[in-house]
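A.B. asks: Dropping the sequence and predicted coords here.
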Amino acid sequence: MWTGLWRVTEKTDKKVPSSGPGWKGLADAEKVTGKRMRMGMDPLVSIIVPVCNADQRLLASCLDSLLGQTYRRLEIVLVDDGSTDGTGAFCDAAAMKDKRIRVLHQTHKGVGAARNRGTQAAQGDYLFYVDGDDLLSPVAVQEGLADLLREKVDLVIAGVRQIRCHEEFSDRSLAGQESVVLKGHELDGLKGHYLAQDEDRFRKIKGSGYINRGAYCRLMKKELALSNPFAEGLPFGEDLIWNMDLLDRCRSVCVVPNVWVGYCMSPSSAIRKFHGDRIEKVEAYLALLWEKQGEYCSGHMAAYAKAVAVELYCILRYELLSPDQPLGCREKNDLVCRMLGREPWKVLTRKGIYRQLSPRHRLMIALCRRRIWQPVFRTVIMCSGIPQMPLKYPAKPVAKC
């Protein structure tokens with residue numbers, strides 16, 4: 001099955017111009033891979049899986065999907081990030097059953113540090129990141145490696161589909177359309193999509209699949225991953241910052257019109273759980289995003305504002321409306337009004353930017369400024385989140401921020 005692939009890609013050791021961030025290391029990696037292929041060896045692909053107090057049923061399904069890949073020369077690196085339940089022992093038991101599984105244990109440092117540890121320890125020529133509660137299509141590695149070698153790109157990206165349970169994910173076929181290679185300024189469009197998540201060409205992949213800002217659904221050269229470590233200590237946003245920095249180190253990216261990952265949103269995920277200091281953590285993440293990508297964001301303020309609006313929604317929905325939130329209704333309103341008066345949230349109220357936001361985000365901001373967001377959110381929260389259609393504001397004047 002793979003003979004045709006290697007015939008197409010037998011010249012992957014061709015010299016690559018060693019200019020730009022990280023390019024020399026990528027060129028050296030291509031030479032090593034080309035030598036291995038000439039010797040008749042399939043490249044080793046390492047799949048990095050960070051885990052911490054994981055649902056063992058979901059983790060078992062995840063591992064089954066990794067071990068069931070049509071491409072067989074794999075190394076699965078499980079990084080136990082200080083689990084306090086039986087997750088570590090579960091991983092060790094899995095490694096005893098299949099020699100392709102390796103387990104690393106460390107004290108709890110966060111998902112970014114766990115991925116960095118796995119990346120440094122990986123022995124493969126190419127890397128793939130997966131979360132422990134996700135499912136990987138059996139053709140993902142095969143298809144990604146074929147496209148990466150054939151198109152001679154640095155990074156291959158495919159779609160993800162959000163699922164409620166693992167049984168809903170059944171994507172097993174190769175893409176029915178040709179992949180698209182992005183270069184130069186075309187990569188700016190992908191950056192904008194990472195921020196705003198609103199580019200149709202990246203949102204409608206095999207129906208409900210889409211390109212998201214997570215670390216999964218990406219196959220890359222190991223040297224590229226090593227040159228772009230994850231930010232550590234951030235519970236939010238490390239994936240977005242990592243993805244945007246990653247594109248700065250790529251000469252070309254291949255987008256595969258296929259769904260590789262079934263993404264299961266857990267109620268206990270970092271995005272949905274109550275933190276107590278979520279506002280401070282999100283502001284720290286947005287400050288780091290601006291520090292690293294300020295030049296791009298300042299030239300694409302509407303896309304940046306859409307990313308800020310998403311974070312505001314998550315604060316309202318999962319932090320301030322949480323049953324664990326001790327603040328009263330008036331205190332919440334005062335807090336939100338103060339937020340909208342300072343950076344980074346202030347960008348949402350600028351006239352030129354506000355008009356470019358989606359109708360649902362404009363409605364959210366209007367509700368916050370009129371101090372009536374709480375009853376509206378509570379009414380629609382179990383249905384569809386933020387209402388799609390504008391609501392009629394009360395006739396009686398309401399104090400504004």
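C.D. replies: It's in. Numbering: from 1, shown residues only.

A.B. asks: Excluding residues flanking it in the chain, which one is nearest Glu178?
C.D. replies: Pro257 (7.8 Å; C-beta to C-beta, 6 or more residues apart in numbering). To be clear about C-beta, it is placed using only N, CA and C from the backbone, and glycine gets the same treatment.

A.B. asks: The one you found belongs to a strand, doesn't it?
C.D. replies: Yes: the assignment for Pro257 by DSSP: H, G, I helix; E, B strand; the rest coil puts it in a strand.

A.B. asks: Buried residues in stretch 189-203, which are they?
C.D. replies: Under the neighbour-count criterion of 16 or more other C-beta atoms under 10 Å, stretch 189-203 has 190-197, 199, 202 buried.

A.B. asks: Actually, stretch 139-157.
C.D. replies: Neighbour counts using 16+ other C-beta under 10 Å place 139-149, 151-157 of stretch 139-157 among the buried residues.

A.B. asks: what about dumping the CA coordinates of it to CSV?
C.D. replies: Provided in CSV are the C-alpha atoms of stretch 139-157 (Å, rounded to 0.1, in the frame of the first residue of the first chain):
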residue,chain,number,x,y,z
VAL,A,139,-6.5,7.2,8.3
ALA,A,140,-5.3,10.5,9.9
VAL,A,141,-1.6,9.7,10.2
GLN,A,142,-1.5,7.9,6.8
GLU,A,143,-3.2,10.8,5.0
GLY,A,144,-1.2,13.5,6.8
LEU,A,145,2.2,11.9,6.2
ALA,A,146,1.4,11.3,2.5
ASP,A,147,0.4,14.9,2.0
LEU,A,148,3.3,16.3,4.0
LEU,A,149,5.9,14.3,2.0
ARG,A,150,4.2,14.7,-1.4
GLU,A,151,3.7,18.5,-1.1
LYS,A,152,7.0,19.0,0.8
VAL,A,153,5.3,21.3,3.3
ASP,A,154,6.2,21.9,7.0
LEU,A,155,2.8,21.3,8.5
VAL,A,156,-0.4,19.5,7.5
ILE,A,157,-3.8,20.5,9.1
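
A.B. asks: Centre of the chain to that stretch, how far?
C.D. replies: Its chain's C-alpha centre and that of stretch 139-157 lie 18 Å apart, by C-alpha atoms, centre = their mean, to the nearest Å.

A.B. asks: One more: stretch 341-351?
C.D. replies: 25 Å.

A.B. asks: end to end, how far does it reach?
C.D. replies: End-to-end distance of stretch 341-351 (C-alpha to C-alpha, to the nearest Å): 14 Å.

A.B. asks: Quick one: residues in contact with that stretch.
C.D. replies: Contacts to stretch 341-351, defined as C-beta atoms under 8 Å, 6 or more residues apart in numbering, come from residues 283, 286-287, 290, 301, 304-305, 308-309, 312, 339-340, 353-354, 357, 361, 365, 369, 401.

A.B. asks: what about burial for the residues you listed, which qualify?
C.D. replies: For the contacts of stretch 341-351, a burial check counting by 16+ other C-beta under 10 Å picks out 283, 286, 290, 304-305, 308-309, 312, 339-340, 353-354, 357, 361, 365, 369.

A.B. asks: Between all of these, which two are separated the most?
C.D. replies: Greatest spatial distance in these: Trp290 and Arg369, 23.7 Å, computed using C-beta to C-beta.

A.B. asks: Show me where the stretch 101-250 of the chain has its helices.
C.D. replies: With DSSP state H, counting those that start in this stretch as the criterion, the stretch 101-250 of the chain has helices at 111-121, 140-151, 186-196, 200-203, 222-226, 238-248.

A.B. asks: Ranked by average pLDDT, which of the ones you listed falls at the bottom?
C.D. replies: Here the lowest mean pLDDT among the helices of the stretch 101-250 of the chain goes to helix 200-203, at a mean of 83.

A.B. asks: Does anything pack onto that one? Which helices or strands?
C.D. replies: helix 186-196 (3 or more C-beta pairs under 8 Å, 6 or more residues apart in numbering; DSSP states H and E).

A.B. asks: report the angle between the axes of the helix it packs on and helix 238-248?
C.D. replies: 170 degrees (axes from the mean of the first three to the mean of the last three C-alpha atoms, to 10 degrees).
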